[in-house]
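A.B. asks: A structural model of the following input is requested.
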Amino acid sequence: MSRASDVLDACEARGLMVATAESCTGGMVAAALTDIPGSSAVVERGFVTYTNDAKREMLGVSAESLDAHGAVSEEVAREMAEGALRHSHAQLAVAITGIAGPGGSEFKPEGRVCFGLARNGAETQVETVEFGALGRDIVREAARDHALSLLLQAAKS
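C.D. replies: Residues are numbered from 1 along each chain as shown. As a prediction, this is how the structure comes out:
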């Protein structure tokens, strides 16, 4: 059984609906979940917020956070996840923002991805994973899989 199936099963068992807020993955988490028949019992909606404008307009990410920390930051990942909850009927939301590559900088290297996980009634969790300069496709797939693991852990706790 796939990780996405496990997420759907765990969420359905607990009556949780999920929202996604994705930047560098461009909807890959939502796609992995909705590839599975019956996913509408769990997937409430997905936001693909590739630009800073989209992050502000669709999720309510503050211009101050974007200016101070940049889009690839735990602060923005937190606001994305919390915004996905606020702008949906879901109880659980995951957010992803990162640098899939090619490129990056000395301060924000290729392969850096920040995640946010928000759940009603719980403190939002954030973390940064350095996947490394593995190539755009591999970083995006690794970020998708990590986000699904975060959802699964949250649904089981």
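
A.B. asks: the one residue sitting closest to the centre of the chain and residue 6: what is the separation?
C.D. replies: By C-alpha atoms, centre = their mean, the chain has its centre lying nearest to residue 95, at 2.3 Å. Distance, residue 95 to residue 6, by C-beta to C-beta, to the nearest Å: 20 Å. To be clear about C-beta, it is placed using only N, CA and C from the backbone, and glycine gets the same treatment.

A.B. asks: residue 85 now?
C.D. replies: 22 Å.

A.B. asks: neighbour count winner among the two?
C.D. replies: residue 85 (21 against 16; other C-beta atoms under 10 Å).

A.B. asks: which SS class is the more buried one?
C.D. replies: helix (DSSP: H, G, I helix; E, B strand; the rest coil).

A.B. asks: show the contacting residues for it.
C.D. replies: Going by C-beta atoms under 8 Å, 6 or more residues apart in numbering, residue 85 touches 19, 91, 92, 93, 118, 119, 120.

A.B. asks: and the helices in the chain?
C.D. replies: Taking DSSP state H as the criterion, the chain contains helices spanning 3-14, 28-34, 52-59, 63-69, 74-86, 136-156.

A.B. asks: other residues contacting the fourth one?
C.D. replies: Pointing back at helix 63-69 there. Taking C-beta under 8 Å, 6+ apart as the rule, helix 63-69 contacts 52, 55, 56, 73, 75, 76, 79.

A.B. asks: follow-up on the earlier one: which of the contacts of residue 85 count as buried?
C.D. replies: 19, 91, 92, 93, 118, 119 (16 or more other C-beta atoms under 10 Å).

A.B. asks: thinking the first one is in contact with residue 44, fair?
C.D. replies: It stands for residue 19. Yes: using C-beta atoms under 8 Å as the test, residue 19 is close enough to residue 44 to be in contact (5.2 Å).

A.B. asks: any common contacting residues for the two?
C.D. replies: Joint contacts of residue 19 and residue 44 (C-beta under 8 Å, 6+ apart) are 88, 90.

A.B. asks: gap between the closest residue to residue 5 other than its chain neighbours and residue 149?
C.D. replies: Leaving aside its sequence neighbours, residue 5 sits nearest to residue 36 (C-beta to C-beta, 6 or more residues apart in numbering; 5.7 Å). The gap separating residue 36 from residue 149 is 16 Å, by C-beta to C-beta.
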